[in-house]
Each structure stands twice: as C-alpha cells, then as structure tokens.
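A.B. asks: Predicted model, plus sequence, below.
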Amino acid sequence: MSHKETITISEFKATCLSVLDKVKRTGQPVLITRHGEPIAVIDPPPPPKKNKKWTGTFKSRGEITGDILSPVVNTIDWDVFNE
C-alpha cells in the first residue's frame, strides 16, 4: 500500500482531528513517523454497509392467500354506496 502523505507524530498530535477527517474524506492513508521511522498508518474506514430497501423485505416471509385488491366487505353493506 502506498502512502500519499507522511507526517511526524508531533504534527499528527497537533492536527489529529483534521488528519482523520482528511483520511475519511479522501480515502488516502497517512503514514505517521517518529524520528523518520514509521510507527503507524491511518487507513480510511471501510465503506458503510448498504441497508436493504424496505420494499420487498417480507417477500420470503409472507404468502398471499386471497384477493388483495377487492374490498374486505361487500360494497352493498357500506352506507356511502347506498345513498
């Protein structure tokens, strides 16, 4: 893995939050050194897991057993249709 940026431990200590934000934003790792020797690598986080869409989540759990389009009761029984 190649490192685009190398910073010293003292620079990292002074700018820690901005370095972490930059790594996350750019996706580029940063190498931290002490006296010219590598001591740590800040890697970007893995991409977030995508949530399943809620539509279709019950497709393997349910079963349609009747007419799902027609009214549950007969329209003759509704007062609104008898006026």
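C.D. replies: Cool, got the structure.

A.B. asks: from here on, contacts and neighbour counts on C-alpha atoms
C.D. replies: Will do.

A.B. asks: Skip ahead from the helix or strand harbouring Ser10 and say which helix or strand is next.
C.D. replies: Element membership for Ser10, per DSSP states H and E: helix 9-14. Where DSSP H and E defines the elements, the next helix or strand beyond helix 9-14 is helix 16-26.

A.B. asks: now that next one: mean pLDDT?
C.D. replies: Averaging pLDDT along helix 16-26 yields 95.

A.B. asks: Could you do stretch 70-83 as well?
C.D. replies: Computed over stretch 70-83, the mean pLDDT rounds to 69.

A.B. asks: Likewise for stretch 46-63?
C.D. replies: Per-residue pLDDT over stretch 46-63 has a mean of 74.

A.B. asks: mind listing what's buried in it?
C.D. replies: Buried residues in stretch 46-63, counted by 16 or more other Cα atoms under 10 Å: none are found.

A.B. asks: now stretch 8-16
C.D. replies: Thr8, Ile9, Phe12.

A.B. asks: what do you get for stretch 15-34?
C.D. replies: Neighbour-count burial for stretch 15-34 [16+ other Cα under 10 Å]: Val19, Leu20, Val23, Lys24, Pro29, Val30, Leu31, Ile32, Thr33.

A.B. asks: Then stretch 64-77?
C.D. replies: Buried residues in stretch 64-77 (16+ other Cα under 10 Å): none.

A.B. asks: can you give me the end-to-end distance of it?
C.D. replies: End-to-end distance of stretch 64-77 (Cα to Cα, to the nearest Å): 25 Å.

A.B. asks: Off-centre distance for it?
C.D. replies: 40 Å (Cα atoms, centre = their mean, to the nearest Å).
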